[in-house]
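Participant: predicted model follows, preceded by the sequence.
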There are 2 protein chains.
Amino acid sequence: MTRNAETNQRMRDERRERILAEALRLFAARGLAAVTAGEIAAATGTSKGLLYHYFRSKDEIFTSLIREAFARMNEAARGLEALDLPPREKIALALGRLLRGLEQDERFALHVLLIAQAGLSQAIPEEARAVLREESFAPYGVVERILRAGQEDGSIRSGDDPRDLALVFWTTVKGLALHRAAHGSDFRAPDPRILLRMFWND
Amino acid sequence: MTRNAETNQRMRDERRERILAEALRLFAARGLAAVTAGEIAAATGTSKGLLYHYFRSKDEIFTSLIREAFARMNEAARGLEALDLPPREKIALALGRLLRGLEQDERFALHVLLIAQAGLSQAIPEEARAVLREESFAPYGVVERILRAGQEDGSIRSGDDPRDLALVFWTTVKGLALHRAAHGSDFRAPDPRILLRMFWND
DNA sequence: GTCTATATCCAGATAGAC
DNA sequence: GTCTATCTGGATATAGAC
């Protein structure tokens, strides 16, 4: 019996994952309001009824995805901060990874897009909005702290407001994600060195 | 009679403008699908019925706005190209204006956002998609040409692909527009000099 | 030109058979 | 656990009175 229960649980989890993955694809491409529950079900290969067996509402699916997106993003940010590297190297590494991720890692690009969609649209569930409020600042904070440390050790150009620098760091990444969304798979990320020039000479 | 006809025409135009202005605000904030015709009517202070007297559909309103947004954007781009200034000054001027526009010119920021929304969402009317396909490239082209000219006259750093440079130019602007949308009116644009460093030293 | 009332459709969510 | 059938609300769009 335990064996069966475990198998069931695994199947359940897999199905749930499947639904979330397809919903992510759809929401990232069109936004919450323009995607119907029926479409998610069809993309997943299940019925609408089953969808509502796994989730209480369309909003709940969306909110789960927002949570997941921020969890990954913030985990990556904390990982970056914990790395044993000088600040300047951290920034270069992070930006390189982000651009490569946008280009090659579909799921990552979708998460960035979902966050962009959510931030862009005033029309999202209150719970998702709360997650956004609480978690969206963290990546800015991480990058800002690293940049400030770099200014102090002299490896990053001083004189700029670190908040401004963190702002352009992230808005550039989001802008590129947007561009990728609009222009599809033939997206080619720019050379990261161009962007890094904002932070130091040469 | 001619007098009356003219007055009527003017009132008609004003009402139409009013509808478009409110719809722009709503669409830019939430996207096409999350805005209802009733909300547009209410925001305009008219009835739903009258809305459909002026426009055939919600999609038509959206498409009109997309046309308008691109018309202004491309007009500005052509104006920039026609200016009698060295390439490097054109870029500096353009970026300064864009950032100031995002910060202070609500209508401009809304247009940028609408374009971002439209590019982001796969779920827009076919006609709007066509406008996007045909017109969205122009601003990239303009900036790319100016940057290339600057590379040739030596005022802009050479060695970078001008397409990459034009890409980061515009994606940065769009990213900032996104940020403004998410963080509302307390948005403060970064110092443009930070961004300009991508294009030349010091 | 402008409004109210309404037809029609479609999406979110549920009920209940298997 | 999974499906089909259905309820119900709300949105687009229209009709028709004033």
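Facilitator: All right, it came through fine.
Participant: what is the three-state secondary structure of A:Phe158?
Facilitator: Just to correct that, residue A:158 is Ser rather than Phe. coil (DSSP: H, G, I helix; E, B strand; the rest coil).
Participant: can you pull the contacts of it?
Facilitator: A:Gln151 (C-beta atoms under 8 Å, 6 or more residues apart in numbering or on different chains). No exception for glycine: its C-beta is placed from N, CA and C like everyone else's.
Participant: tell me how far it lies from B:His111.
Facilitator: Per C-beta to C-beta, to the nearest Å, A:Ser158 is found 36 Å from B:His111.
Participant: ditto for A:Leu132
Facilitator: From A:Leu132 to B:His111 the distance is 24 Å (C-beta to C-beta).
Participant: when those two are compared, which one has more neighbours?
Facilitator: More neighbours surround B:His111 than the other of A:Leu132 and B:His111, with 23 against 17 (other C-beta atoms under 10 Å in any protein chain shown).
Participant: the more buried one sits in which helix or strand?
Facilitator: Element membership for B:His111, per DSSP states H and E: helix B:106-120.
Participant: what's around the residue of chain A at minimum distance from DNA strand D, how many residues?
Facilitator: Using C-beta to the nearest atom of the strand, the closest approach of chain A to DNA strand D is made by A:Gly49 at 2.3 Å. Here the count is done by other C-beta under 10 Å, and A:Gly49 has 8 residues near it.
Participant: buried ones in the helix or strand of chain A with the lowest mean pLDDT?
Facilitator: Least confident element among the helices and strands of chain A, by mean pLDDT, DSSP states H and E: helix A:2-30 (a mean of 90). For helix A:2-30, burial by neighbour count (16 or more other C-beta atoms under 10 Å in any protein chain shown) applies to A:15, A:19-20, A:22-30.
Participant: repeat for stretch A:42-58
Facilitator: A:43-44, A:46, A:51, A:54-55, A:58.
Participant: what is the mean pLDDT for that stretch?
Facilitator: Averaging pLDDT along stretch A:42-58 yields 98.
Participant: got the contact list for it?
Facilitator: With C-beta under 8 Å, 6+ apart, stretch A:42-58 has contacts from A:15-16, A:18-19, A:22-23, A:25-26, A:32, A:35, A:37-38, A:40-41, A:61, A:64.
Participant: so what's A:Pro86 closest to, chain neighbours aside?
Facilitator: What sits nearest to A:Pro86 in space, not counting adjacent residues and going by C-beta to C-beta, 6 or more residues apart in numbering or on different chains, is A:Ser155, at 6.2 Å.
Participant: contact partners of stretch A:72-83?
Facilitator: Under the criterion C-beta under 8 Å, 6+ apart, residues A:90, A:93-94, A:108, A:111-112, A:115, A:135, A:138-139, A:142-143, A:145-146 lie in contact with stretch A:72-83.
Participant: rerun that using 10 Å as the cut-off
Facilitator: A:89-91, A:93-94, A:97-98, A:101, A:107-108, A:111-112, A:115, A:135-136, A:138-143, A:145-146, A:149 (C-beta atoms under 10 Å, 6 or more residues apart in numbering or on different chains).
Participant: would you put the C-alpha positions of it in CSV?
Facilitator: Taking C-alpha atoms only, stretch A:72-83 is exported to CSV below (Å, rounded to 0.1, in the frame of the first residue of the first chain):
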residue,chain,number,x,y,z
ARG,A,72,14.7,30.7,-8.3
MET,A,73,15.7,34.3,-9.0
ASN,A,74,16.4,35.1,-5.4
GLU,A,75,18.2,31.8,-4.8
ALA,A,76,20.5,32.7,-7.7
ALA,A,77,21.1,36.1,-6.3
ARG,A,78,21.9,34.8,-2.9
GLY,A,79,24.2,32.3,-4.4
LEU,A,80,26.0,35.0,-6.3
GLU,A,81,26.4,37.1,-3.2
ALA,A,82,27.9,34.1,-1.3
LEU,A,83,30.5,33.4,-4.0
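Participant: check which residues of that stretch are buried.
Facilitator: Buried residues in stretch A:72-83 (16+ other C-beta under 10 Å): A:73, A:76-77, A:80-81.
Participant: wait, which of these is closest to DNA strand C?
Facilitator: A:Met73 (26.0 Å).
Participant: what about the helix or strand where that closest one lies and DNA strand D, touching?
Facilitator: In the assignment (DSSP H and E), A:Met73 maps to helix A:58-82. No. Using C-beta under 7 Å from any atom of the strand, helix A:58-82 stays clear of DNA strand D, with a minimum separation of 13.5 Å.
Participant: and the angle for that helix with helix A:106-120?
Facilitator: 110 degrees (axes from the mean of the first three to the mean of the last three C-alpha atoms, to 10 degrees).
Participant: wait, does helix A:58-82 make contact with DNA strand C?
Facilitator: Yes. Among the residues of helix A:58-82, A:58-59 lie within reach of DNA strand C under C-beta under 7 Å from any atom of the strand.
Participant: tell me the first helix or strand C-terminal of that helix.
Facilitator: Next element after helix A:58-82 (DSSP H and E): helix A:87-104.
Participant: no further questions, thank you.
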